[in-house]
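>>> Give me a 3D structure for the following:
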Amino acid sequence: MQSLVQLSWLEINTNQPQSLQLSLPIAIGKDQNSLPTSLDSNQVSPLVLSDRSVSRYHALLMYHQGKVVVIDQNSTNGVLVNGSLVERSAELHKVLGSGDRLTFGRYEVTISFDLPSTSQTIITGSQNNPNNQSNTFIPPASTPTILFSSETGLPQTNTNPPPSQSVNAGNVSQNVIAFPPEFFQLPTLEVQSLHNTGLPVYETTYGAIGGGLGSYIWADYLRIFGVAAEQIVALGLEPQPYARYKRLCLNSQIPLHERLRSNSDSCPDNIWGFPSYAWREAWHDFTRGKLDAALKYIWQVFAEPDLAETYTPRSGNVFDSIDREASRIGWDKIYRYGRVRSIRKTNDGRYAIAYSLGQGNHAFLIAQYLHLAMGYAAIQFLPDLQAYRSQTEDFQSVVNGYEEHEHIYEHLEKYGGTVLIRGRGIVASRIVQRIYEVRQRSPQQKISLLHLMRSPKSQGNIHGRAHRTVENHYEFQPFNWPKACWGGDLREVLEEADPETRQALLKDWGGTTTADRHDWKRIVQTGLNEGWYQITFGDVEKVDQLSDQRTATYIRPRQMEGLLQLTADFIIDATGLDAKVHTNPLFADLLDCYNIPVNGLGRLNVSNDFEITELRNGAGRVYASGAATLGNSYAAVDSFLGLQFAALRSVDSLVAAHAPQLHYLNGWSSLEQWFKWLTNQAPN
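Numbers count the residues shown, from 1 in each chain. As a prediction, the model looks like this:
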C-alpha cells in the first residue's frame, strides 16, 4: 500500500523551511546511494538530509499492519519521536501519529498524513528523488502546513491543516488532531472555539512570549508595579531567562569570569540601577581585603570613559544577580514551558496563544495584554561558508562564532594550526584574545591567525564633531553607548526625527565595532609585530576543502589581478546575528495575518511605548522589545538598558490604560520597593 505523507522541517544549512509530500515507504539518510530503491515490490521514496549528524541510511518510514511506523536503521545518533528515543532494531518499530516530531541527528521533521491533494509545483529528478518519482514540493512562502524550527518550535506560516479528520491506515481508523486548528487562519477567533477543541485552555491577564531576558524584565517591572505573580504567564523553552544569552556568550568566548559589553548601572535585576555592578563588585573585594581592586572599580565609574576604561560587569555576576531577582519575583510561578506556534485576536478583546508542551501535547493561553520578546531570530552565516558545509558536510573546520567550537582551541593547544576569522566586531575580538591565550599556554605549538576583512578601514563613523577611533582596521565604540541612547541628547534627537533621518542617524551611530580596551589592542599589535597575526582584504570567490582536509579560501584582493588562496585549518564566521522579523516564524505569521508594516531596517514598527498598534484589540494591547524593534524612535534596543527602557515605557502605558493591579511608582512607593529589593523580599 502506498499513501502520501507530508514531511516538514527547517533546513539547517540555509535556515529555510522545507516541506515534501512523499509516498510511503520513505528511506531517510544523508547518502542517496545508500538508500534502498524498493521494498516488498514497492518503490521507496528517498529523503536526503545532508548533515554529518544523519547516518547514510538513518531510518525508514512505512506502513505496518495498517499504521504509519518509523524503524531506526541502526543509525549512529538514533531516532527520536517527540523527544523519546526509538530502540535501535530492524525488528522493532514506533507507531506514528499525524503531527509527531521526528528527530534525525540535528533535523527535526514534522510528519502529517491523509493530506488533501495539492496543485503546487512538482519536482522530479532532484537529489532527493533520483528515481524521478513525483514528489510535491511546497514552497516556504505558500506552504499549507506548519513548519517548525528545530531550535524554537515556532510556526513558519499561519495556515494549517484541518483540526481533526479521520485517517484510514489500512483497516484501522484513528482520530488525528492538527495543531494549531484550522480556525487559527482567521484574524479573530471565537473564544468558545478554543474550548470546543477539548484541549486545555488557560487564562491570564499578562502574557510574556519568549521566556528570555526581555520577558523576565517585563515581568519584573509588572511585579514591582503591583501585579501578582499568579496574573503573569511567561511562555518559553528554558526556565532560566538568560539561558540562550549565556550560551551565546560562552560560545563567543565570554566565559563567566570575563566581562560583558555593558555598563555598571545596566542591571537587569535592578530597576533603580543602584547599587550598580561596580559598587557590588567593589564591596565584594573590599570585604575580602582587596582594597586596590575595590578602589579601581570606583575610579572607573567616576572617570570613564575619558580618564579610565569604562567599567563592565563579569558575566557570571550578572547571571547570579538575575537568579536572585527571578527567585524574588516568583519566576518559577510565572514561567511555563511552551513552544508558541501562533497568536490571534479573540472576539472579546483578548489574545489567544496556541502553544505546544512536547510529547504531542498542546494547549491555549488567553491573555489581555501581551509582550513579545523573541530575541534574535537566527545566527547569520556567510553564504560561501554555508555552501562549503553543505557540499563537504564538514562542521568541524568551518564554524560560526556563536556555535559551540571549543574543539578548535583544544586542537590548537595540542597540535597548533591556522585559524581564519571572518568579521571584525566584538565576537572577532574575543576569538583573537582566546587564540592569544592558547598561544601563551602552548608556546611550543605553531599557531597563526589570518583575519579576512572585505576592505580596509581608516576612519570611524562620524556624527557632528564626534568620531570613533580606528586602529589596525578595527573601529572602537565607547561602552557608554547605551547610556547615551537612553538618557542623553541622542534619545531626544532620534525621537523627533522623521523615518528617513532616523535611518541615517542609526547608520552614523551604528556599524561594526568592538571594545575600546587597552589589553585587547595590545594583543592585536603584538600579533602583528610578531607575525602570527595577519590581516588580509578581499572579496571571497569560493571556499574549498583541500586533500589534506584543510580549507582553502579564494579571494579577489582589492586593486589586484587574479585570486589569492588563504589556507587554514579552521574558519570562524564572526559576522553576527540576524534580527529581521521575517526570519522569525511567529513574527512573520503576525505580519502576514494583520498586515503589520516593517520599518526601513526590516524590523517591527512600534510606537514610542513599544506597542504594536495594529494588534490592539479593544482594551487588549501587544508590546514588543529587543532587537526586533530597532529602527524606530530608539537605538541600542537589544542592550540591557534597552530591554529595561522598553519594559518601563510599556508598563507606564498599561498604567495609563488602567490595566488591572498596576499602580504608578511615586517617590515613596519606589523607595519602598527598593528596600524590598535590597532585603530580598517579594514585591507584594
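>>> When you work out contacts or count neighbours from here on, use the C-alpha atoms and nothing else.
Will do.
>>> The lengthiest strand in the chain pairs with which strands, parallel or anti?
Secondary structure of the chain per DSSP state E: the longest strand is strand 361-372. Paired strands of strand 361-372, with direction, are strand 201-210 (parallel), strand 351-358 (antiparallel), strand 621-624 (parallel) (DSSP bridges).
>>> what comes into contact with the first one?
Contacts of strand 201-210 with the rest of the structure, by Cα atoms under 8 Å, 6 or more residues apart in numbering, involve 194-195, 215, 218-219, 231-237, 340, 363-375, 660.
>>> how far is that strand from where the chain is centred?
Per Cα atoms, centre = their mean, to the nearest Å, the displacement of strand 201-210 from the mean C-alpha position of its chain is 21 Å.
>>> And for stretch 77-84?
For stretch 77-84, the distance to the chain centre is 23 Å (Cα atoms, centre = their mean).
>>> what comes up buried for it?
Asn77, Gly78, Val79, Leu80, Val81, Asn82 (16 or more other Cα atoms under 10 Å).
>>> Make sure the fourth one is indeed in a strand.
Yes. Checked against DSSP: H, G, I helix; E, B strand; the rest coil, Leu80 lies within a strand.
>>> residue contacts, it?
Remark: with contacts taken as Cα under 8 Å, 6+ apart, Leu80 is in contact with Val86, Arg101, Leu102, Thr103, Phe104.
>>> Check the burial of the second one by counting its neighbours.
Just to be clear, that refers to Arg101. Using other Cα atoms under 10 Å, Arg101 is surrounded by 27 other residues.
>>> element containing Lys676, please.
helix 667-678 (DSSP states H and E).
>>> In PDB, list the C-alpha atoms belonging to that helix.
What follows is helix 667-678 as a C-alpha-only set of coordinates in PDB (Å, rounded to 0.1, in the frame of the first residue of the first chain):
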ATOM      1  CA  GLY A 667       8.900  58.600  45.200                       C
ATOM      2  CA  TRP A 668       7.700  56.800  48.400                       C
ATOM      3  CA  SER A 669       6.400  53.600  46.700                       C
ATOM      4  CA  SER A 670       9.600  53.400  44.600                       C
ATOM      5  CA  LEU A 671      11.700  53.700  47.800                       C
ATOM      6  CA  GLU A 672       9.600  51.100  49.500                       C
ATOM      7  CA  GLN A 673      10.100  48.700  46.600                       C
ATOM      8  CA  TRP A 674      13.800  49.400  46.500                       C
ATOM      9  CA  PHE A 675      14.100  48.400  50.200                       C
ATOM     10  CA  LYS A 676      12.300  45.200  49.400                       C
ATOM     11  CA  TRP A 677      14.800  44.600  46.600                       C
ATOM     12  CA  LEU A 678      17.700  45.300  48.900                       C
END
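>>> And it, what's buried?
Ser670, Gln673, Trp674, Lys676, Trp677.
>>> Return the per-residue confidence for the residue lying closest to Gly538 once chain neighbours are set aside.
Leaving aside its sequence neighbours, Gly538 sits nearest to Pro557 (Cα to Cα, 6 or more residues apart in numbering; 4.1 Å). According to the predicted model, the pLDDT of Pro557 comes to 86.
>>> The one 3 residues further on too?
For Met560, the pLDDT comes out at 72.
>>> Show me where the stretch 151-300 of the chain has its helices.
Using DSSP state H, counting those that start in this stretch, the helices found in the stretch 151-300 of the chain span residues 191-196, 213-224, 243-251, 277-286, 291-303.
>>> Compare these and give me the one nearest Val419.
Comparing the helices of the stretch 151-300 of the chain by their distance to Val419 (Cα to Cα), the top pick is helix 243-251, with 16.3 Å.
>>> since we're on Thr679, how many residues are nearby?
Thr679 sits with 9 neighbouring residues when counted by other Cα under 10 Å.
>>> actually Asp394, not the one I typed
Other residues lying near Asp394 total 15 when counted by other Cα under 10 Å.
>>> circling back: which one of the contacts of Leu80 has the most neighbours?
If you count neighbours using other Cα under 10 Å, the busiest of the contacts of Leu80 is Arg101, which has 27 neighbours.
>>> Just the pLDDT for it.
The predicted local distance difference test score for Arg101 is 84.
>>> residues contacting it?
By Cα under 8 Å, 6+ apart, the contact list for Arg101 reads Leu80, Val81, Asn82, Gly83, Glu108, Val109, Thr110, Ile111.
>>> among these, which two are most distant?
For the contacts of Arg101, the maximum inter-member distance is 14.1 Å, found between Gly83 and Ile111 (Cα to Cα).
>>> mind listing what's buried in the longest strand of the chain?
If you call a residue buried by 16+ other Cα under 10 Å, then strand 361-372 has these buried ones: His362, Ala363, Phe364, Leu365, Ile366, Ala367, Gln368, Tyr369, Leu370, His371, Leu372.
>>> now it and helix 213-224, what's the angle there?
Using axes from the mean of the first three to the mean of the last three Cα atoms, to 10 degrees, the inter-axis angle of strand 361-372 relative to helix 213-224 is 70 degrees.
>>> Next up, the contacts around Ser215.
If a contact means Cα under 8 Å, 6+ apart, then Ser215 has Ala208, Ile209, Ala234, Pro241, His371, Leu372, Ala373 as its contacts.
>>> Which pLDDT value goes with Ile123?
The predicted structure scores Ile123 at 27 on the pLDDT scale.
>>> show me where the stretch 501-650 of the chain has helices.
Using DSSP H, counting those that start in this stretch, the helices assigned to the stretch 501-650 of the chain run over residues 518-530, 585-594, 640-656.
>>> Now do the first one, average pLDDT.
In other words, helix 518-530. The average of the pLDDT scores along helix 518-530 is 93.
>>> for stretch 302-317, same thing?
Summarised as a single mean, pLDDT over stretch 302-317 is 89.
>>> Just the CA atoms of that stretch, as PDB, please.
Listed next in PDB are the C-alpha coordinates belonging to stretch 302-317 (Å, rounded to 0.1, in the frame of the first residue of the first chain):
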ATOM      1  CA  PHE A 302      33.800  58.200  38.100                       C
ATOM      2  CA  ALA A 303      36.500  58.700  35.400                       C
ATOM      3  CA  GLU A 304      35.000  56.700  32.500                       C
ATOM      4  CA  PRO A 305      35.500  56.900  29.600                       C
ATOM      5  CA  ASP A 306      38.000  59.800  29.300                       C
ATOM      6  CA  LEU A 307      40.300  59.100  32.200                       C
ATOM      7  CA  ALA A 308      39.700  55.400  32.600                       C
ATOM      8  CA  GLU A 309      38.300  52.400  30.700                       C
ATOM      9  CA  THR A 310      34.600  52.000  31.200                       C
ATOM     10  CA  TYR A 311      33.700  49.500  33.900                       C
ATOM     11  CA  THR A 312      31.800  46.400  32.600                       C
ATOM     12  CA  PRO A 313      30.400  43.600  34.800                       C
ATOM     13  CA  ARG A 314      31.500  40.000  34.800                       C
ATOM     14  CA  SER A 315      29.000  37.800  33.000                       C
ATOM     15  CA  GLY A 316      28.800  35.300  35.900                       C
ATOM     16  CA  ASN A 317      27.900  38.200  38.300                       C
END
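>>> before we move on, the earlier item: burial count for the residue nearest to Gly538?
Neighbour count of Pro557, defined by other Cα under 10 Å: 17.
>>> my read: it touches Phe537, true?
Yes. Between Pro557 and Phe537 there is a contact at 6.0 Å, judged by Cα atoms under 8 Å.
>>> where does the chain have low pLDDT?
Of all residues in the chain, those with pLDDT under 70 make up the ranges 1-3, 12-17, 88-92, 114-177, 478-483, 559.
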